[in-house]
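J.: have a look; sequence and predicted model below, questions after that.
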Amino acid sequence: MVQFFKVKKPAAPVQTPLDIRILELNSHGMGVARHQGKPLFVAGVLPGEEVRVKLTTQTSRYATATLQKVLKASPDRIKPFCAHVADCGGCNLQQLPLEAQRTLKQKAVFSLFGRHGVNELPEPEWLQGEGQGYRRVARLAIRRRGKGVALGFRRSQSHELAEIEHCGVLTPVLSALIAPLRQLLNRLTALRQLGHLELYDSAEGVALLLRHKGHLPAPDLDALLAFAQARTLALFLQDDTARRPLHVPFPLYYQIDNLRLSFTPGDFIQINAALNERMVRQAIDWLAPDPGAPVLDLFCGIGNFSLPLAAAGHPVTGVEGVMEMVEQARGNAEDNRLNQARFYRADLATDFTQEPWVAQGFGHVLIDPGRAGAERVMPYLAELAPERLLYVSCNPATLARDSEVLLAAGYRLSRLGLIDMFPHTPHCEAMALFELS
């Protein structure tokens, strides 16, 4: 009898733990060391620390490793408040005090502007708030695990799931829902159809949006409805074609001073309620339009800046690329009796200078684009030549890039604000005021 032998692949070599010294933190909050002439990136460490790590990735340009033990701790190190910090990919700066986190973020912002030749910046003005319990919006991933599902956030540098029991940066009412929601999902039968959960802590209660595929069976719908009714939650379902409310016992809105801004789950709203209010007030103060002067608000969303500007007595033209958001903003203007706020849909990546709403002229413009920034918008803004332009950015990298166009067009960057909207993460909101020289 002929026997065929399959050549066995050699076993992967066991990685020997490596003792290294951390040189600095990069703009993503990762520790940087050197190994075999390449940068080595490690999460959860601080500059000057001596640590033991295990290599996880090696390429021709860099390597990554996971922290196994801190051999010599930095005097700045504090104990993380979250038990999931080693697994969850969210708050990776917990070992660093908040003030030191802000120093790191400010250094990163200055470095980003420096890459675009902007080396002289005004002294940053910080807005900062609470370090925990600040997040009113969350997206929880759902993954099949055994015969059930796990619920949590992505692991650091991975698409895998870190299952969590609580989250210290979520508002307490959202954090308290994580365990009951996991129990609920594991009672459903259509586990393969579940996508993810979105949570919203609104002014009158919590809303849930469950994304799923296909049609959920009647017993699952009954279980979801009973859960929402028992806890007085608003519940929405969204499949590949439509979003539908299943139980809405209260209106969904958030407040800025006396204004009510209604939203629907899936709409973008700022996650940090307290800092959003302060950011809006600062934006109006910095833009400082003359009494009754018209203001243009690009990427206006549901009216987060437009409506407070209108309430301050300014005719506001808000422009957004998504028609559903435009309709939501119009409804918010009507509900708050702000007739001087007008909203339009336009593709801001194309030449909008001939749109009818441009004809009135604007001496003051506010823009609040998404993470991709407003690179294709900037030439048209420079053509409009407003006296003052306030750029609010959730991604300082694209703000720094887009500022080149304005500076070349004769503007000067007169004020720079940094908003610690996301404590314990490397992310930072920024606000830049540009004025014609």
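T.: Okay, I see it.
J.: separation between Leu191 and Lys107?
T.: 45 Å (CB to CB, to the nearest Å). Any C-beta I mention is one placed from the backbone N, CA and C, and that applies to glycine too.
J.: which stretches of the stretch 1-150 of the chain form strands?
T.: Listed in chain order, the strands of the stretch 1-150 of the chain (DSSP state E, counting those that start in this stretch) span 18-21, 24-25, 31-35, 38-42, 50-58, 63-72, 125-127, 137-145, 148-154.
J.: er, the stretch 251-400 of the chain I mean
T.: Counting by DSSP E, counting those that start in this stretch, the stretch 251-400 of the chain has these strands, from start to end: 253-256, 259-262, 295-298, 316-320, 341-345, 364-367, 388-393.
J.: okay, these in CSV with mean pLDDT next?
T.: Output for those, formatted as CSV (pLDDT from 0 to 100):
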stretch, mean pLDDT
strand 253-256, 97
strand 259-262, 97
strand 295-298, 98
strand 316-320, 97
strand 341-345, 97
strand 364-367, 98
strand 388-393, 98
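J.: looking at those strands, spot the one closest to Gly37.
T.: strand 388-393 (35.8 Å; CB to CB).
J.: show residues contacting the closest one.
T.: By CB atoms under 8 Å, 6 or more residues apart in numbering, the surrounding residues in contact with strand 388-393 are 279, 283, 286-289, 305, 363-369, 373-374, 381, 399, 402-403, 406, 411, 429-436.
J.: let's see that strand as PDB, backbone CA atoms only.
T.: Listed in PDB are the C-alpha atoms of strand 388-393, where the atom choice follows Å, rounded to 0.1, in the frame of the first residue of the first chain:
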ATOM      1  CA  ARG A 388     -14.300  86.200   8.900                       C
ATOM      2  CA  LEU A 389     -14.400  82.400   8.500                       C
ATOM      3  CA  LEU A 390     -14.600  80.100  11.500                       C
ATOM      4  CA  TYR A 391     -13.600  76.500  10.800                       C
ATOM      5  CA  VAL A 392     -14.700  73.900  13.300                       C
ATOM      6  CA  SER A 393     -13.000  70.500  12.800                       C
END
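J.: what subset of the contacts of strand 388-393 is buried?
T.: Neighbour counting over the contacts of strand 388-393 (16 or more other CB atoms under 10 Å) leaves 279, 283, 286-287, 289, 305, 363-369, 373-374, 381, 399, 402-403, 406, 411, 429-435 as the buried ones.
J.: give me the neighbour count for the closest residue to Phe268 other than its chain neighbours.
T.: Closest residue in space to Phe268, ignoring its immediate chain neighbours: Gly301 at 5.8 Å, by CB to CB, 6 or more residues apart in numbering. Applying other CB atoms under 10 Å, we find 23 other residues in the vicinity of Gly301.
J.: identify the residues contacting Gly301.
T.: The contact partners of Gly301, by CB under 8 Å, 6+ apart, come to Asp267, Phe268, Ile269, Glu320, Met325, Ala329, Asp368.
J.: can you rerun that using 10 Å?
T.: By CB atoms under 10 Å, 6 or more residues apart in numbering, Gly301 lies in contact with 261, 263, 267-270, 318, 320, 322, 325-326, 328-329, 368, 370.
J.: before we move on, back to that, can you tell me which of the buried ones among the contacts of strand 388-393 are in helices?
T.: Within these, residues falling in helices by DSSP state H are Met279, Ala283, Trp286, Leu287, Leu381, Leu399, Asp402, Ser403, Leu406.
J.: of those residues, which is the nearest to Thr103?
T.: Using CB to CB, Leu399 comes nearest to Thr103 of those, at 19.3 Å.
J.: break this protein down into its domains, please.
T.: Domain assignment for the chain by automatic domain parsing gives 18-77, 111-130+270-436, 137-247.
J.: I'd like the average pLDDT over the last one.
T.: Here the mean pLDDT over domain 137-247 is 94, rounded to a whole number.
J.: just how off-centre is it within its chain?
T.: With CA atoms, centre = their mean, to the nearest Å as the basis, domain 137-247 stands 19 Å off its chain's centre.
J.: and it, how far apart are its ends?
T.: For domain 137-247, the separation between the terminal residues is 19 Å (CA to CA, to the nearest Å).
J.: next one: Arg244 from Asp220, what distance?
T.: Per CB to CB, Arg244 is found 15 Å from Asp220.
J.: the two: who's more crowded?
T.: For the pair Arg244 and Asp220, the greater number of neighbours falls to Asp220 (21 against 10), based on other CB under 10 Å.
J.: His212 is in contact with that one, correct?
T.: Yes - A contact is recorded between Asp220 and His212 when judged using CB atoms under 10 Å, the distance being 9.1 Å.
J.: between these two, which contacts overlap?
T.: Here Asp220 and His212 share the contacting residues Leu188, Ala190, Gln193, Leu194, scored by CB under 10 Å, 6+ apart.
J.: can I get stretch 363-373 in CSV, CA atoms only?
T.: The C-alpha atoms that make up stretch 363-373 are tabulated as CSV, following Å, rounded to 0.1, in the frame of the first residue of the first chain:
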residue,chain,number,x,y,z
GLY,A,363,-19.2,88.6,5.6
HIS,A,364,-19.2,85.8,8.1
VAL,A,365,-19.0,82.1,7.4
LEU,A,366,-18.9,79.0,9.6
ILE,A,367,-18.0,75.6,8.4
ASP,A,368,-18.1,72.3,10.3
PRO,A,369,-17.1,69.5,7.9
GLY,A,370,-16.7,65.8,8.7
ARG,A,371,-13.3,64.1,9.2
ALA,A,372,-12.5,64.3,5.5
GLY,A,373,-12.4,68.1,5.8
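J.: circling back to that earlier point, of the strands of the stretch 251-400 of the chain, which is nearest His116?
T.: strand 388-393 (13.5 Å).
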